[in-house]
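*Asks:* sequence below, structure please.
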Amino acid sequence: MTKKGPWYRSLSTPSQVLLVVFLALCLYFGIGVFRQFNEYMSSLARLEQTQARLAGLEKKGERLEEARRDIDREKESLVRDGLGARPGDTVFQLPPDLLTEQKAEQASVSADTPFWQQWWDLFFSPD
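*Replies:* Predicted structure coming up:
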């Protein structure tokens, strides 16, 4: 007849040790799996938040781009009206003439410096 009591008492001591080690490993890996799952869920939530933020920023970028186009159209219309251009005409906007600004600056400098110094600066200055 078998002894009455818990089933693990009928195991030998090495078997009981192995059972305890097995249960400890199961607990350890179970906790690790739970932590990984928890981290996965939090990462998924952050990803959804980031995607929502990205969608909002893309919409804002589209609105800003449309506003920029509207401003460009209004600016072109004002320029055309100011110049008296008709809708089929091409209007060119030229950058300010940097050469005339440089010449004016050099003219003021040239009055103070000797002629040979101006030639020297023209060929050997680091600017």
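
*Asks:* so which strand or helix has residue 86?
*Replies:* For residue 86, there is no enclosing helix or strand under DSSP states H and E.

*Asks:* what's the burial count for it?
*Replies:* Other residues near residue 86 come to 7 when the count uses other CB atoms under 10 Å. (Each C-beta comes from the backbone N, C-alpha and C, glycine too.)

*Asks:* what's the answer for the one 3 residues further on, then?
*Replies:* The burial metric for residue 89, expressed as a neighbour count using other CB under 10 Å, is 9.

*Asks:* same check, this time on residue 16
*Replies:* Counted by other CB under 10 Å, the residues lying close to residue 16 total 13.

*Asks:* please apply the same query to the one 10 residues further on.
*Replies:* Using other CB under 10 Å, residue 26 is surrounded by 10 other residues.

*Asks:* next: residue 76.
*Replies:* Other residues close to residue 76 by other CB under 10 Å number 13.

*Asks:* separation between residue 24 and residue 18?
*Replies:* Between residue 24 and residue 18 the distance is 11 Å, computed by CB to CB, to the nearest Å.

*Asks:* same check on residue 48?
*Replies:* 45 Å.

*Asks:* one more: residue 62?
*Replies:* 65 Å.

*Asks:* ok, longest helix in this structure?
*Replies:* helix 13-83 (DSSP state H).
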